[in-house]
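K.L.:
Have a look at this prediction, sequence included:
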2 protein chains.
Amino acid sequence: SKLAALFEHPLYKVPIPEVTDGDKLFVVNPMEKFSLRSSGSDEWVSNSKAEMVLPTGKTAYDTYPTWLKFHVGINRYELYPRQDPLMPALLKDLATLKIVSSVQKSGGTQLKLIMTFPNYGQALFKPMKQTRDQETPVDFFYFSDFERHNAEIAAFHLDRILDFRRIPPVSGRLVNITQEIRDITTDKKLAKTFFISPAGNVCFYGECSYYCSTEHALCGKPDQLEGSMAALLPDKTLAKRRSWRSPWRRSYHKSKKAEWELNPNYCAQVKETPPYNSGHRLLDLIDMAVLDFLMGNMDRHHYETFEKFGNDTFLLHLDNGRGFGTHSHDEMSILAPLQQCCRMKKSTYLRLRLLATEPYRLSDVLREALAA
Amino acid sequence: SKLAALFEHPLYKVPIPEVTDGDKLFVVNPMEKFSLRSSGSDEWVSNSKAEMVLPTGKTAYDTYPTWLKFHVGINRYELYPRQDPLMPALLKDLATLKIVSSVQKSGGTQLKLIMTFPNYGQALFKPMKQTRDQETPVDFFYFSDFERHNAEIAAFHLDRILDFRRIPPVSGRLVNITQEIRDITTDKKLAKTFFISPAGNVCFYGECSYYCSTEHALCGKPDQLEGSMAALLPDKTLAKRRSWRSPWRRSYHKSKKAEWELNPNYCAQVKETPPYNSGHRLLDLIDMAVLDFLMGNMDRHHYETFEKFGNDTFLLHLDNGRGFGTHSHDEMSILAPLQQCCRMKKSTYLRLRLLATEPYRLSDVLREALAA
């Protein structure tokens, strides 16, 4: 397969810096009995790299559920390793583990749910809101577009194919909204919005600031609803995150323009502003612009980092639901950071060139990744 | 043509009662100088049938604009006559006369505009809100469905083909929303909602209780927008109307049922309730159910009559935008009045039978009427 060949290509073997304990989000103390009730990250940090061997011959780490192994693997450079042996199990868990709890996630404009699995793993469920192949209407603004569950899935794979690994794993899943949401939710406000549609389908609309009404209800067939299931990152109490406003953020206004849209020398001032004036942060931002350009995402107003790693770390590419909205339009303005700063990581450039060649054509490898 | 043949068929020659002055909405006093400022219907009413001949050899009536001739022609039995010689001019005026004013019409849930022509005629403009052939989503309720401008047009023709003539004339029209709405409106609230979309189209959304937001904006291409133009009925100060709640009104609730849905003997009590206990009102209501069934309209919560004619008059079939929402589903419950009362006007029955025969097939004659 082209995808397997891509990941075997020398460009995908370029070494990643050695990860020391200081580069890890969590350093597991093998003496510490695993507990979900750990109240702060201090408990998780230890200088010991030794793994205590259990009577069964397994280490404590071996006994962790896959989602916890994913959390423990996060480091300064990436969310998960290249060719991660955990990835198939992680994606499968998201798609198949029993859902024991579903509640609405507050914040954000559109409805999403936090779902919990029996092994205490959690996923962010974003329901299908329109048919899979529906495009963003030409008269819609980037900030009023529907979010697409399949954009979340495709963005994860695209990011992985670009060798970034800055988007948490996402699977598609058919959810039974009666049994896996309505019947088990403790969220009374959510439960109240369930109804039976004229076609006899189970529907709900939740509570949110946009599109949460009968007219925009989400309906199963009769209760099966497709959606995306994204692995949750470690709780913010365990791993604080910092949110950064993108310097190339759009105006979020129907007619106002952002400064970068008016000033072609905008990059000059960004380059002098911390954190973009040192290290590789500006290049990281341009990586993000490349990713967003490829998926047509104009909605990258903020990005996040793990606080623990300071400024010397990768950028999290969360919330990609407004990508992949147009089949045949390239929104060049998304590349403004690249165009105005005129620089790019060499490794990204080389991979993009590779992905433009027939044996590794990006469309083909992405299609292959999504077929699974 | 099948349509022309239909209107020549003997069933469409069945005599209509002779219209006396008491059966007319307005009786024109030829001595009265025509004035739009007439403040009450009294001024318009006269027992004189004489027509004063002008020096040009024309009567005063001859000088009236078409819309006023339409108003003057309304009587107890119908809005306009069979094979009305005015109809082509009336439909053409709606489609082509210069628009000199456009303001939002208050009331109702969805956006509509009152447009005025240089000859003081007025039309109700309902803009296209979705592509012409989009169907009602299966999970939508009848009360949250979009209104379709082309349903208004088709309903007028269907009603005429059924020999009812209870729907005011409606034309389709391409409106330049910049020149024919934004630039000439005195409605500041409406003007404020205009904007330019990302695709460079002119859009607006107006103020209303449903679907009046950026996400549901109406957009031209770049400023041409299709819509329906319905002839307005005489102002209510000149011709009072009475609104009647339909006994077979639906519940307008997601799960509650109306009494007629639960009680198969519902008609027995309707038959004993005025005005359905005398005259032909119940049969008129069943005519309306037939019309609504043929267009799939579940939203007939009220109907109107002209107060002047008391209970012995036709029912106005206004507001048909929620008809024609499904291509291949017959909503049998719309026929509940027919099914529960088990009666129908003989003339309606005979015409329905005729319209089911190959030479006069309803689909064919409606298609032919709409082609114009």
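P.N.:
Noted; the coordinates are in hand. Numbering: from 1, shown residues only, chains lettered A, B, ... in the order given.
K.L.:
going forward, measure contacts and count neighbours with C-alpha atoms only.
P.N.:
Fine.
K.L.:
Now do the contacts for residue A:282.
P.N.:
By Cα atoms under 8 Å, 6 or more residues apart in numbering or on different chains, residue A:282 lies in contact with A:271, A:276.
K.L.:
run the last query once more with 6 Å
P.N.:
By Cα atoms under 6 Å, 6 or more residues apart in numbering or on different chains, the contact set of residue A:282 is residue A:276.
K.L.:
Would you mark the buried spots in the least confident helix or strand in chain A by mean pLDDT?
P.N.:
Here the helix or strand of chain A ranked lowest by mean pLDDT, DSSP states H and E is helix A:188-191, holding a mean of 93. Buried residues in helix A:188-191, defined by neighbour count with 16 or more other Cα atoms under 10 Å in any protein chain shown: A:190, A:191.
K.L.:
Pull the residues that contact that helix.
P.N.:
Judged by Cα under 6 Å, 6+ apart, the contacts made with helix A:188-191 from elsewhere in the structure are A:182, A:206.
K.L.:
Please, where are all the strands along chain A?
P.N.:
Per DSSP state E, chain A carries strands over the ranges A:101-104, A:113-116, A:122-127, A:170-176, A:195-196, A:202-204, A:218-219, A:224-231, A:241-245, A:302-306.
K.L.:
Relative to residue B:148, which of these is closest?
P.N.:
Taking Cα to Cα as the measure, those were each checked against residue B:148, and strand A:218-219 came out nearest at 22.8 Å.
K.L.:
what's in contact with the closest one?
P.N.:
Residues lying outside strand A:218-219 but in contact with it, judged by Cα under 6 Å, 6+ apart, are A:202, A:203, A:204, A:205.
K.L.:
What is the end-to-end distance of stretch A:6-25?
P.N.:
In terms of Cα to Cα, to the nearest Å, the two terminal residues of stretch A:6-25 are separated by 29 Å.
K.L.:
For that stretch, buried residues please.
P.N.:
Those would be A:6, A:7, A:12, A:21, A:23, A:24, A:25, for stretch A:6-25 by 16+ other Cα under 10 Å.
K.L.:
how about the helices in the stretch 51-200 of chain A?
P.N.:
Shown for the stretch 51-200 of chain A, the helices assigned by DSSP state H, counting those that start in this stretch span residues A:66-73, A:87-96, A:149-161, A:188-191.
K.L.:
the inter-axis angle of the longest one versus strand A:122-127?
P.N.:
This means helix A:149-161. Using axes from the mean of the first three to the mean of the last three Cα atoms, to 10 degrees, one finds that helix A:149-161 and strand A:122-127 are set 130 degrees apart in direction.
K.L.:
just how off-centre is helix A:149-161 within its chain?
P.N.:
For helix A:149-161, the gap between its own C-alpha mean and the chain's C-alpha mean amounts to 8 Å (Cα atoms, centre = their mean, to the nearest Å).
K.L.:
Next one, pLDDT for the residue of chain A positioned farthest from its centre please.
P.N.:
When distances are taken from the C-alpha mean of chain A, residue A:55 lies farthest, 37.7 Å away, according to Cα atoms, centre = their mean. On the pLDDT scale, residue A:55 is placed at 71.
K.L.:
Return the residues of the stretch 151-300 of chain A in contact with chain B.
P.N.:
By Cα under 6 Å from any Cα of the partner chain, the part of the stretch 151-300 of chain A that sits against chain B consists of A:197, A:198, A:199.
K.L.:
show me what contacts the first one?
P.N.:
Contact analysis of residue A:197 by Cα under 6 Å, 6+ apart lists residue B:139.
K.L.:
Select, out of the strands of chain A, the one closest to residue B:117.
P.N.:
So among these, strand A:218-219 is nearest, using Cα to Cα, at 43.8 Å.
K.L.:
The closest one pairs with which strands?
P.N.:
When sheet partners are counted by DSSP bridges, strand A:218-219 sits next to strand A:202-204 (antiparallel).
K.L.:
count of neighbours near the residue of the stretch 1-150 of chain A found nearest chain B?
P.N.:
In the stretch 1-150 of chain A, no residue comes nearer to chain B than residue A:139, which is 4.9 Å away by Cα to the nearest Cα. Residues contacting residue A:139 under the criterion other Cα atoms under 10 Å in any protein chain shown number 23.
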